[in-house]
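>>> This is a predicted model, with the sequence first.
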Amino acid sequence: MPDLFAKDELDGILGKVRGEAKSQGCEDTPNALFQFYVDKVRRNLHMGLCFSPVGEAFRKRARSFPGLINSTSIDWFHEWPEDALIGVAKRFLSDMEWPNEEIPEALAAHMAFVHMSIGEANENFLRQFRRYNYTTPTSFLELINFYKTLLSGKTDKITDQINRLEIGLETMNQTTTQVAELQKLLDVKMVEVEIKKEATDKLIDIVTSESDAAAVEEEAASKQADATNACAAEAQATKDAANVELEAAIPAMQEAEAAVACLEVKAIQELKSLANPPSDCLLVTKAVLILRGERKNHAWGNAQKMMGNPKAFLDQIKSYDGDNIQENLLSDVAPILALENFTYENMVKKSSAAANLCKWVINIVRYNSIFKKVKPLMESADAAEKLATEKMAELQEVLAKVKIIVDKVNELKEKLAEANAEKQAVVDNAEKLASQLSLANRLVNGLADERVRWMSNVETFKLERLTMIGNALVSAAFVSYIGPFNAQFRQELWTQQWLNDIIEKKIPYTEGVDPLQVLSTASDQAIWKTQGLPADRVSLENASIVVSCKRYPLLIDPQLQGIKWIKGKEGTEMVTIQLSQAKW
């Protein structure tokens, strides 16, 4: 092509290929270098031009540019034969799962039939209505791809519904099994409850019996404790009375002991050495002799003999048993004590030893008279105290016995409390299980009808998943090919030709299938009508094609019904582009 490149562009090209051309033995001349460049472009540059034979455009271009014919190799693309259509369809359908091997064979054959039926329909359409409609292999490929997409989407939805229902049925079955297990467990628990109740009732009887026995023992012990305490109180009262009386004798004994303490051996010797003692001193020695048991010889000589060993005499006087003086001795000494001059004050004038002996005699006799009154009280107090001690010992034994019984009763009560707690726990568990079982039974019984309906729906959906193979096939063909035709041609194509071929090839489908109902739902159609779409069937079919197809559809809309619906459907989000718009 002459003057294709400007001189500066040509110089740049020659400069870039000069090194490669020299390495391959090419001369370094402009013509040789340019020829090397053209040869290299011819080897590596391949261009394909695609023109549609439809209309006058290709004829005009061929006349205006003869090089399109003279300088190119022309490949004429004719309609695909039926075998080619079937082979292509089989290849594209081979990557999908089918119930059996015959179905993809039948599908491929039906797709080829649909594509070829459109060719015949185009001729009839042109002949009756003078309107052209063209189909290309691309239309066939779009049919296959759209069918796979539509079938996958529909079967996935049906499979999801089946899975949900089967999961629900499985849950119901598990619930029924769990209810049966709960019933068995409840039966076991009820037996355990009865055993616990029986054991607890027996333990209650034992505790009641032991408690009654313990109450009797405690009552007896309480009475015995009252008697023992009364005895101890009586003994203490007797002892207190004796102690009061005894306290009166203590000063007399102390006076007697003080008098003896005042006696000295020297004083006794002086008294003993008197040859003719005063008569008052003789009264004192006589009283001492009487208390020492001498009832006849009260002479002074015998008195001196009594005091022969002053120290031993004093020891005898100090150790004299004032508690046990014989009554006859007291009777003999009583007249002497009754004398007015038999006093310490009188005797001290005569002899200190006689005075102290006189004082001793008076106080020892006085002590004895008080002691004899107190002695029965003391003996009674001792006896009462001994009895109280014995009673207290007996009471301690009884209390120990009662304590054992009470401890046993308390232990039984603790066991009873534990048994009651165990029984209550078992009862609570049984009641909880019974409540769960009641709720589960209500649920299972309430869902019994639903279970039947769900099982029926699962079978229906499985059949629908199978028949969707044919339903999606006629719907995909409807979207891919039927748009340009009017209602008459549409009805004839899919009801009389396509469905009959599906039946003939034994492809699963739903009897009475309607592509419009497959591609849209009643709610979709209602929404379209509210968006401005006319209510006639052709308009609804066109809307379902527009919504379902994968490529941008061309709408021939002389009455502006389609644009009205599209504006109502897209609303403010729609962007409008016109051919007259700048930089469209």
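That came through fine. This is a predicted model, so every value here is computed, not measured. Numbering: from 1, shown residues only.

>>> Would you map out the domains in this structure?
Domains of the chain are assigned by automatic domain parsing as 7-70, 250-374, 520-584.

>>> Just say which of the ones you listed is most tucked in.
Ranked by mean neighbour count, the domains of the chain are led by domain 250-374 with a mean of 17 (mean count of other Cβ atoms under 10 Å). Where you see a C-beta, it was placed from the backbone N, CA and C, and this is true even at glycine.

>>> quick one: average pLDDT of it?
Computed over domain 250-374, the mean pLDDT rounds to 78.

>>> gap between that domain and the chain center?
Chain-centre distance of domain 250-374: 103 Å, with Cα atoms, centre = their mean, to the nearest Å.

>>> Make residue 1 into 32 and carry on from there
Sounds good: first residue 32 from here, last item domain 281-405.

>>> what comes up buried for stretch 492-505?
With burial defined by 16 or more other Cβ atoms under 10 Å, the residues of stretch 492-505 counted as buried are 492, 495, 496, 497, 498, 499, 500, 501, 502, 503, 504, 505.

>>> so what does the host helix or strand of the fourth one touch, helix or strand wise?
In the assignment (DSSP states H and E), residue 497 maps to helix 479-512. Contact here means 3 or more Cβ pairs under 8 Å, 6 or more residues apart in numbering; DSSP states H and E; on that basis helix 479-512 packs against helix 133-160, helix 168-293, helix 530-535, helix 546-550, helix 568-579.

>>> helix or strand right after that helix?
helix 518-522.

>>> Can you dump the C-alpha atoms of that following helix in PDB for me?
Taking C-alpha atoms only, helix 518-522 is exported to PDB below (Å, rounded to 0.1, in the frame of the first residue of the first chain):
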ATOM      1  CA  ALA A 518     -48.600 -14.600  20.100                       C
ATOM      2  CA  GLN A 519     -49.800 -17.000  17.300                       C
ATOM      3  CA  PHE A 520     -46.300 -18.200  16.400                       C
ATOM      4  CA  ARG A 521     -45.300 -18.400  20.100                       C
ATOM      5  CA  GLN A 522     -48.200 -20.600  21.000                       C
END
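
>>> Could I get the buried residue list for that helix?
Applying 16+ other Cβ under 10 Å to helix 518-522 flags 520, 521 as buried.

>>> same check, this time on stretch 205-224
When neighbours are counted by 16+ other Cβ under 10 Å, the buried residues of stretch 205-224 are found to be 206, 207, 210, 213, 216, 217, 220, 223, 224.

>>> thought the last one was touching residue 459?
Read that as residue 224. No: shown here, residue 224 and residue 459 do not form a contact pair, counting by Cβ atoms under 8 Å, at 10.0 Å.

>>> how many other residues sit next to residue 529?
Using other Cβ atoms under 10 Å, residue 529 has 23 neighbouring residues.

>>> Tell me which residues touch the nearest residue to it once chain neighbours are set aside, please.
Take residue 529 and drop its neighbours on the chain: the residue closest to it by Cβ to Cβ, 6 or more residues apart in numbering is residue 505, 5.4 Å away. Counting by Cβ atoms under 8 Å, 6 or more residues apart in numbering, residue 505 touches 525, 529, 530, 533, 540, 544, 546, 549.

>>> can you put these in a markdown table and add distance to residue 186 and pLDDT?
Below are these laid out as a markdown table (distance: Cβ to Cβ, whole Å; pLDDT from 0 to 100):
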| residue | distance to residue 186 | pLDDT |
| --- | --- | --- |
| 525 | 21 | 90 |
| 529 | 20 | 92 |
| 530 | 20 | 92 |
| 533 | 17 | 92 |
| 540 | 14 | 91 |
| 544 | 15 | 90 |
| 546 | 17 | 91 |
| 549 | 12 | 90 |
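
>>> between the residues you listed, which is nearest residue 254?
Of all the contacts of residue 505, residue 254 sits closest to residue 549, with 103.3 Å by Cβ to Cβ.

>>> so who does the closest one touch?
Residue 549 makes contacts with 185, 502, 503, 505, 506, as judged by Cβ under 8 Å, 6+ apart.

>>> Secondary structure element for residue 166, which one?
Here residue 166 is assigned to no helix or strand, by DSSP H and E.

>>> My read is that it contacts residue 146, right?
Yes: Residue 166 is within contact range of residue 146, at 6.8 Å (criterion: Cβ under 8 Å).

>>> which residues do those two both contact?
Common neighbours of residue 166 and residue 146 (Cβ under 8 Å, 6+ apart) are residue 512.
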